[in-house]
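Enquirer: A structural model of the following input is requested.
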Amino acid sequence: MNYTDQDYEYVRDGTRMSRGEAEKLVATLAIEPSNWKVRARLLSYYATHPKDKNAGKDRLVHVLWLIRNKPDLPIGFGAWSYLSRDDDASTVAMLRQEWVTALQSDPNNLDIIHNAVTGLQSIDAQLCEQLLLRAKELEPDNPIWSGRLAQIYQMRQCDALLNAPCGEEIDSSAQTAGTIRELEAGIARAAGPSAKLKIMQNLLVTVIPLGDGVKAREVATALLELANANRSDRDYGQYVYQANFALAQIALAEGALDDAMNHLLKASETPGSQELKIMGPDFELARELWERGKRDEVIAYINNCKHLWEHDAGACDRWLKQIAQGQTPDFNKNELNARSFMKMLGLGAKLFFNNRKRRST
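Expert: Reported below is the predicted structural model:
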């Protein structure tokens, strides 16, 4: 079936509906129950209005209808098939079986595979892995399948870490190796520099926790070089910050304080990004370097960050005032630091620091 731009716009515009408009659409389904566009539009609304009292129950009803009647509805209409672990368990089990049935009916339909993976990625990672491996066989030159596989491996790794008993060491090497393999395959097949930069950014986040400075430096340097060759990319500033920040992490882990401080300053000289504007740069490395005597450089870093972090609630000025009064800036005590670059790097950066601290003790 061919879909028009108007179809896509109609469905996506559901995110802007009011509750009253959504209720009117629900009423139309009593007259036109086979109207897939209305159901998809409602799913767009529910995805952005989780507090609507009908969002949970009605959303799953529409997902079920679409799986049974239009399981190959392109992902461009939104992640309509997504299921959460917070959804009703018995309903999720039924929907999983519906996906299995749809896939048995048309096992090589890539749209169905993509939708099933989107729906089940947090529910059944093993099935999703099998589906994505099949997709790679059917369409080996499409980097999207490697990217989705990498996500599955990363989710498995995070699940293992989050569910592990306190203090227990988890061997996630197999999942990490799978993630790296798929991301590198995605980079090789990426259709252009913008797509390649996104995947390289993800690869950098993956390799940092491993403690392999050579590999991490290789990826960070490659990301920085490609970003500098594509300065018009809308995320250029974020790539520059992330690559230099990673190089600073690596240098500090190796005891090269001057190199660490130089890379951290270069990171703060980025033209900025939406993430940095809202969430702010990282100050954990600044704290460590302050403690190791890099006082003037850390002050320069804070001043640079003032222009990057528009929503710092006065944190940078407060730290500079503390320094001027002869105090130590409370980087590690400030709650705003939790919204810093560590959050963007995700669990990877936290693991990197924790591993480094364990090695130093």
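Enquirer: make it CA atoms for all contacts and neighbour counts henceforth
Expert: Fine.
Enquirer: What helix or strand is residue 322 located in?
Expert: Assigning secondary structure by DSSP states H and E places residue 322 in helix 315-324.
Enquirer: Give me the mean pLDDT for that helix.
Expert: Helix 315-324 shows an average pLDDT of 93 in the prediction.
Enquirer: who touches it?
Expert: 299, 302, 303, 305, 306, 328, 329, 330, 331, 336 (C-alpha atoms under 8 Å, 6 or more residues apart in numbering).
Enquirer: Quick one, which of the residues you listed are buried?
Expert: Buried by 16 or more other C-alpha atoms under 10 Å: 299, 302, 303, 305, 306, 328, 329, 330, 331, out of these.
Enquirer: any chance of the residues you listed in TSV, plus distance to residue 257 and secondary structure?
Expert: Converted to TSV, those look like this (distance: C-alpha to C-alpha, whole Å; DSSP: H, G, I helix; E, B strand; the rest coil):
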residue	distance to residue 257	secondary structure
299	16	helix
302	17	helix
303	20	helix
305	20	helix
306	23	helix
328	19	coil
329	19	coil
330	21	coil
331	19	helix
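Enquirer: would you turn these into a markdown table with pLDDT and distance to residue 70?
Expert: Output for these, formatted as a markdown table (pLDDT from 0 to 100; distance: C-alpha to C-alpha, whole Å):
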| residue | pLDDT | distance to residue 70 |
| --- | --- | --- |
| 299 | 95 | 58 |
| 302 | 95 | 53 |
| 303 | 95 | 54 |
| 305 | 93 | 49 |
| 306 | 91 | 50 |
| 328 | 90 | 61 |
| 329 | 89 | 57 |
| 330 | 86 | 55 |
| 331 | 82 | 52 |
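Enquirer: Throw those into CSV and include distance to residue 192, thanks.
Expert: Shown next, in CSV, are these (distance: C-alpha to C-alpha, whole Å):
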residue, distance to residue 192
299, 39
302, 35
303, 35
305, 31
306, 33
328, 46
329, 43
330, 43
331, 39
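Enquirer: Pick the one among these closest to residue 246.
Expert: Lowest distance from residue 246 to these (C-alpha to C-alpha) belongs to residue 305, with 16.7 Å.
Enquirer: Show me what whatever helix or strand residue 47 lives in is in contact with.
Expert: Secondary structure from DSSP H and E places residue 47 in helix 36-48. Contacts to helix 36-48, defined as C-alpha under 8 Å, 6+ apart, come from residues 7, 10-17, 22, 25-26, 29, 52, 55-56, 59, 62-63, 66, 70, 77-78, 80.
Enquirer: If we use 7 Å, what do you get?
Expert: 10-12, 14-15, 17, 22, 25, 55, 59, 62, 78, 80 (C-alpha atoms under 7 Å, 6 or more residues apart in numbering).
Enquirer: residues making contact with the next helix or strand after it?
Expert: Counting by DSSP H and E, the next helix or strand C-terminal to helix 36-48 is helix 55-69. By C-alpha under 7 Å, 6+ apart, the surrounding residues in contact with helix 55-69 are 39, 43, 46, 80, 81, 95, 98, 99.
Enquirer: next structured bit after helix 55-69?
Expert: Helix 55-69 is succeeded, C-terminally, by helix 89-105 (DSSP H and E).
Enquirer: In terms of secondary structure, what does that following helix contact?
Expert: helix 55-69 (3 or more C-alpha pairs under 7 Å, 6 or more residues apart in numbering; DSSP states H and E).
Enquirer: and the helix it packs on, which residues are buried?
Expert: 55, 56, 58, 59, 60, 62, 63, 64, 65, 66, 67.
Enquirer: Now distance to residue 233 and pLDDT too, for those residues, in JSON lines please.
Expert: Below are the buried residues of helix 55-69 laid out as JSON lines (distance: C-alpha to C-alpha, whole Å; pLDDT from 0 to 100):
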{"residue": "55", "distance to residue 233": "36", "pLDDT": "77"}
{"residue": "56", "distance to residue 233": "38", "pLDDT": "73"}
{"residue": "58", "distance to residue 233": "40", "pLDDT": "85"}
{"residue": "59", "distance to residue 233": "36", "pLDDT": "89"}
{"residue": "60", "distance to residue 233": "38", "pLDDT": "90"}
{"residue": "62", "distance to residue 233": "37", "pLDDT": "94"}
{"residue": "63", "distance to residue 233": "36", "pLDDT": "93"}
{"residue": "64", "distance to residue 233": "39", "pLDDT": "94"}
{"residue": "65", "distance to residue 233": "40", "pLDDT": "95"}
{"residue": "66", "distance to residue 233": "36", "pLDDT": "96"}
{"residue": "67", "distance to residue 233": "37", "pLDDT": "96"}
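Enquirer: Pull the most distant pair out of these.
Expert: 55 and 67 (17.9 Å).
Enquirer: Stretch 304-312: how far from the chain's middle?
Expert: Centre-to-centre, stretch 304-312 and its host chain are 22 Å apart (C-alpha atoms, centre = their mean, to the nearest Å).
Enquirer: wouldn't residue 203 be in contact with residue 179 here?
Expert: No - checked against C-alpha atoms under 7 Å, the pair residue 203 and residue 179 is beyond contact range at 8.1 Å.
Enquirer: Neighbour count: those two, which is higher?
Expert: Per other C-alpha atoms under 10 Å, whichever of residue 203 and residue 179 has more neighbours is residue 179, with 27 against 23.
Enquirer: Contacts for the host helix or strand of residue 146 next, please.
Expert: Per DSSP H and E: residue 146 is located in helix 143-163. Helix 143-163 has contacts (C-alpha under 7 Å, 6+ apart) with 121, 125, 129, 132, 135-136, 170, 172, 175-176, 178-179, 182-183, 185-186, 189-190.
Enquirer: Perfect, that will be all.
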